[in-house]
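K.L.:
This is the structure alone, sequence omitted:
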């Protein structure tokens, strides 16, 4: 059974700091990995999608990497801002097994960026 | 998110009553999903659909049923609501095996 773990569970940093959020998964048979952002009381906003054949994706101050063989992904946030404060979720899309196919989520990292 | 809407946004219902949540998409995507989000458990898959009238169970499907009679609509029904089904429910869509997921804004359901 696929398990996705995110470390740390919570992180508090001063504004301007570069930071790394970690995600690990137990089964490398995946289509892709997706990073989401969730603000309190809101839905999930997709940040980056990395296909299983890719190593990294970038969008603005965000960079996500994927090492499928070791079951790891990192989300790098450069020059953090208070507006980056949110919960960040990592999810892997499993390859179908016995007819099932789904996105498996980690429990998230709650990020607070202090002014 | 543009292209996917959930209704209602909030609902309070009594134990034992049936409840139906609706997910509507305008993207013509094949795959649709219902998740619930709870503190300490994260997001868990309830049911999903890979086409009209094609649905399957997720990891927490007990007490829930779904229907998809049209590509654009995916309904989640709580047959007899219980307090343990108090949660935030999210619908998601994706078009292909390699595509990313897009989530709706969620429905906050309280069962009293």
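P.N.:
Ah, there it is. Every value quoted in this text rests on a predicted model; they were computed, and no experiment measured them. Numbering: from 1, shown residues only, chains lettered A, B, ... in the order given.
K.L.:
for the helix or strand bottoming out on mean pLDDT in chain A, packing partners?
P.N.:
Within chain A, no helix or strand scores below strand A:103-105, which has a mean of 91 by mean pLDDT, DSSP states H and E. The contact analysis (3 or more CB pairs under 8 Å, 6 or more residues apart in numbering or on different chains; DSSP states H and E) places strand A:103-105 against strand A:86-94, strand B:42-51. (Glycine included, C-beta is placed from N, CA and C.)
K.L.:
In a markdown table: those strands, plus mean pLDDT and mean neighbour count.
P.N.:
Listed next are the helices and strands packed on strand A:103-105 as a markdown table, based on pLDDT from 0 to 100; neighbours: other CB atoms under 10 Å in any protein chain shown:
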| stretch | mean pLDDT | mean neighbour count |
| --- | --- | --- |
| strand A:86-94 | 94 | 23 |
| strand B:42-51 | 92 | 20 |
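K.L.:
So which of those strands is nearest residue A:66?
P.N.:
strand A:86-94 (9.6 Å; CB to CB).
K.L.:
at contact distance from chain B, anything in that closest one?
P.N.:
Yes: Strand A:86-94 comes into contact with chain B (CB under 8 Å from any CB of the partner chain), by way of A:89, A:91, A:93.
K.L.:
Show residues contacting that strand.
P.N.:
Outside strand A:86-94, the residues within contact range by CB atoms under 8 Å, 6 or more residues apart in numbering or on different chains are A:2, A:4, A:6, A:21, A:23, A:25, A:27, A:29-40, A:44, A:47, A:73, A:75, A:100-106, A:108-111, B:42-43, B:97, B:101.
K.L.:
check contacts around the residue positioned nearest the centre of chain B.
P.N.:
Chain B has residue B:34 as the residue nearest its centroid, 3.0 Å off, counting by CA atoms, centre = their mean. Residue B:34 makes contact with B:21, B:23, B:45-48, B:58, B:64, B:66, B:74, B:76, B:89-91, according to CB under 8 Å, 6+ apart.
K.L.:
Residue B:20 too?
P.N.:
B:75, B:76, B:77, B:78.
K.L.:
burial of the third one, as a residue count?
P.N.:
Summarising burial for residue B:77: neighbours were counted as other CB atoms under 10 Å in any protein chain shown, giving 15.
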